[in-house]
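1. Got a predicted structure plus its sequence, pasted below:
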Amino acid sequence: MAVKKPMTIPEGLEIRKIPRAKYAVFTCLLQAIGDMYRYIFEEWFSTSGYELDSSVPTFEKYPPAEDASSVVLIHIPIRKTESR
């Protein structure tokens with residue numbers, strides 16, 4: 001989750017700063033997250049004109065635990081595919 005300033009966090013969690021980058025954002029229900037990742041990496045990238053930008057992290061944003069019908073947002077860092 002996003003936080004505005006460093007705060008006391010529970011043991012086992014950490015605060016990470018996500019650098020600015022270009023992201024493709026995909027939405028899906030939690031129970032379909034595996035299928036969405038397969039689609040992204042097996043189909044979407046091959047026709048998108050983009051490649052994974054591995055210099056920054058991929059991350060997910062989850063809905064509140066009590067809201068099972070809301071979507072998960074999958075943020076995939078991308079950059080234009082270089083011409084060969």
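-> Everything's here; your move. No experiment lies behind these values; they were computed from the predicted model shown.
2. If you drop the residues flanking it in sequence, what lies closest to the spatially most central residue of the chain?
-> Residue closest to the mean C-alpha point of the chain, counted by C-alpha atoms, centre = their mean, is residue 75 at 2.5 Å. Nearest residue to residue 75 in three dimensions, chain neighbours excluded: residue 23, at 4.4 Å (C-beta to C-beta, 6 or more residues apart in numbering). Glycine gets a C-beta too; all of them are placed from N, C-alpha and C.
3. Check residue 26 too.
-> residue 74 (4.5 Å).
4. hey, which strand is longest across this protein?
-> strand 71-80 (DSSP state E).
5. what pairs with the residue nearest to residue 75 across the strands?
-> residue 77 (DSSP bridges).
6. Who are the contact partners of residue 56?
-> Contacts for residue 56 (C-beta atoms under 8 Å, 6 or more residues apart in numbering) come out as 18, 19, 21, 77.
7. Could you rerun that using 10 Å?
-> Residues in contact with residue 56, defined by C-beta atoms under 10 Å, 6 or more residues apart in numbering, are 18, 19, 20, 21, 22, 23, 75, 77, 78, 79.
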